[in-house]
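In: predicted model and sequence follow; I will ask about them next.
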Amino acid sequence: MKLNRIERWVVNNPFRAFEQWMEIGWMKKKMPLTPGGRFLDLGCGRGAGARIIVEAFQPSRLYALDLDISMVQMANNYLAPRDHDNISLVVGNALHLPFEDASLEAVFGFGFLHHVVQWRGALSEVARVLKDGGVYFIEELYPALYQNFLTKRLLVHPREDRFHSNDLRQELEGLKMPVRVALELKNFGILGVAVKEG
Ligand SMILES: C[S@@+](CC[C@H](N)C(=O)[O-])C[C@H]1O[C@@H](n2cnc3c(N)ncnc32)[C@H](O)[C@@H]1O
């Protein structure tokens with residue numbers, strides 16, 4: 001589901017980039033990956049996270065994918081010419097990822113999964129494209145944050161079949177991609193690292 005005007009403003013500003021910079025630093029500390037390899041930033045938005053991921057993890061290629069062509073165009077403008085050496089922008093749907101099975105070392109999802117109606121389908125796509133031992137870095141919000149009295153009036157999100165902490169963890173375990181380490185406020189959201197078991 002695409003963002004409305006208010007949420008576009010919430011995510012497309014320097015404070016959000018700073019927050020992602022802090023979070024990616026935490027992720028790298030918890031799961032430092034060998035430089036190289038193919039990574040994916042799912043629901044990349046305007047591309048600020050993609051640039052920070054490349055600086056921190058140095059993949060050989062990062063695919064930055066979003067459903068919304070206007071977000072991908074924004075990323076194209078946001079990224080400097082040299083960023084394009086390592087980053088490929090893709091318009092696509094998390095439910096049908098344009099990657100082979102077991103072809104990626106890492107997938108990042110910053111605040112994107114709670115926008116997907118069929119969030120379980122998106123997770124199974126993440127599990128499909130990750131190699132064994134591949135890592136899914138997660139930053140997600142739970143309904144208490146995006147469907148409370150205020151936010152449900154201001155923002156647009158799917159309303160049915162929403163996931164809380166237990167639902168997300170159970171689904172990841174079922175996909176043999178359990179959360180290994182997390183910073184979590186149980187009702188509000190998670191910053192986590194899940195690893196696909198071989
Ligand atoms: C809240 S924004 C987060 C953007 C960026 N990751 C960030 O953290 O600033 C969620 C993004 O997910 C994208 N999105 C929503 N559903 C999607 C889907 N099914 N496949 C790919 N991207 C999707 C939206 O277009 C939006 O750009």
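Out: That came through, no problem.
In: going by C-alpha atoms from here, please, whenever you check contacts or count neighbours.
Out: OK.
In: what's the nearest residue to residue 74 if we skip its chain neighbours?
Out: Using CA to CA, 6 or more residues apart in numbering and skipping the chain neighbours, the partner closest in space to residue 74 is residue 46 (5.1 Å).
In: just give the number of residues close to that neighbour.
Out: 23 (other CA atoms under 10 Å).
In: torsion angles phi and psi at residue 141?
Out: phi -110, psi 150 (degrees, to the nearest 10).
In: ok, it - contacts?
Out: 111, 114, 188-190 (CA atoms under 8 Å, 6 or more residues apart in numbering).
In: what is the nearest of those residues to the ligand?
Out: Distance to the ligand across the contacts of residue 141 (CA to the nearest ligand atom) is lowest for residue 111, with 4.9 Å.
In: can you report how many residues neighbour that closest one?
Out: Residue 111: 20 neighbours (other CA under 10 Å).
In: list the contacts for it?
Out: Shown in contact with residue 111 (CA under 8 Å, 6+ apart): 43, 139-141.
In: and the contacts of the host helix or strand of residue 77?
Out: Residue 77 is part of helix 69-78, with elements assigned from DSSP states H and E. Contacts to helix 69-78, defined as CA under 8 Å, 6+ apart, come from residues 44-48, 65-66, 89-91.
In: tell me the SS of the residue of the chain most remote from its centre?
Out: Largest separation from the mean C-alpha position in the chain: residue 149, at 25.6 Å (CA atoms, centre = their mean). What DSSP: H, G, I helix; E, B strand; the rest coil gives for residue 149 is coil.
In: go on, residue 90?
Out: strand.
In: residues touching residue 161, list them.
Out: Taking CA under 8 Å, 6+ apart, one finds residue 117 in contact with residue 161.
In: run a quick neighbour tally on the nearest residue in space to residue 194 that is not next to it in sequence.
Out: Closest residue in space to residue 194, ignoring its immediate chain neighbours: residue 179 at 4.0 Å, by CA to CA, 6+ apart. For residue 179, the count of nearby residues is 20 (other CA under 10 Å).
In: since that was my last question, I'll sign off now.
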